[in-house]
Structures are given as C-alpha cells and as structure tokens.
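K.L.:
Here you go, sequence then predicted model.
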Amino acid sequence: MHRTGIELQPATLKHLEEMARLHTETFLHEPWSAGFMEKLLRRTGAFGLIAQAPSPSPPLFGFTIAQQALDEAEILTITVGRKHQRTGIGGMLLDRLVNDMKNRGVKTLFLDVATDNHPALALYHSRDFLECGLRRNYYRNGTDAQLMAKNLAL
C-alpha cells in the first residue's frame, strides 16, 4: 500500500467487468470491453495491476495492463476512474509497474499516449519517459499518439 486506503495488487479475471467500466468511463473514444481485456491478460508476458481500497468488496480506482517480450515491455493502458484522477493513483500504478518491470529484467519500457492528454504526458515526463516517435492519426478520433520510452537498465 502506497497511500492510505489504496492497495496495489495483481489484476485477475474477477476484476475484468470493473476494469472495463473504468476504461469506458475514461477512454470514451476507444473503450475496451471485459472480453478484450481478458484476451490481453491471457497473452504470454501480459499482466495487470489494480488500485483499490482495502475492504470486503473494494471499489476499483484504477488499473494498468502491460506486456513483456524479452527485455522490452509496453504499457498497454493506465486507467484511473474520473473521480480519482489527479490524486496520485496513476503515478502509484506507474511507479509500481516500472519497479516490477526492472525486477523482470526489462531494459526498455514503451507506451503510447494521446498528444492531447496533457496530464498523462506530464506524468510520464515526470518519471523520465522520453518522446521517441509520433504515430499520426493513431486513435479512432484522429488524435496522434506520442510514443515514449524509459530506459530501465540504468
């Protein structure tokens, strides 16, 4: 637990419906279904983390899904529910993910982020991710994606 009342733990298939609800709430133009996330989590090298309150049926505040291939990994999504954005939960998930990736032997961690998602860009820059490419019209709504990378081998 990094902040009072929030625990980070591995995502499991029992979290899929709540993860899909949060993703739909956060990414209106490209929501992911529970079925799609199940396929992602079942891939070799894929895993997720959830942020939730400690209680018998805790609410889910956010989650991340990433996938590793050899010594590289990609963050597929970091999602924080609208009510909990800008509270540090995204940073907690990212910091834990980076630490877990280092422990798995990952040397480079990649991600794509919408160029108009200024809070996410600020978060990634604050964690030393560097811009390394641009994907034009990457998202369905025509928004470009900034490709970013972080060297974990240092």
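P.N.:
Perfect, I can see it now. Numbering: from 1, shown residues only.

K.L.:
Provide a list of residues in contact with Lys150.
P.N.:
Val98, Thr108, Leu109, Arg127, Asp128, Phe129, Leu130 (Cβ atoms under 8 Å, 6 or more residues apart in numbering). C-beta: built from backbone N, CA, C; applies to glycine.

K.L.:
any idea how far the fourth one lies from His15?
P.N.:
Distance of Arg127 to His15, given as Cβ to Cβ, to the nearest Å: 24 Å.

K.L.:
what do you get for the last one?
P.N.:
Taking Cβ to Cβ as the measure, Leu130 falls 31 Å from His15.

K.L.:
ok so, going back, which ones among the contacts of Lys150 map onto strands?
P.N.:
Thr108, Leu109, Leu130 (DSSP state E).

K.L.:
Which one (most neighbours) among these?
P.N.:
Leu109 (23 neighbours; other Cβ atoms under 10 Å).

K.L.:
Per-residue confidence at that one, what does it come out as?
P.N.:
pLDDT recorded at Leu109 is 98.

K.L.:
Identify the residue spatially nearest to Thr26, adjacent ones excluded.
P.N.:
Closest residue to Thr26 apart from its sequence neighbours, by Cβ to Cβ, 6 or more residues apart in numbering: Thr79 at 5.0 Å.
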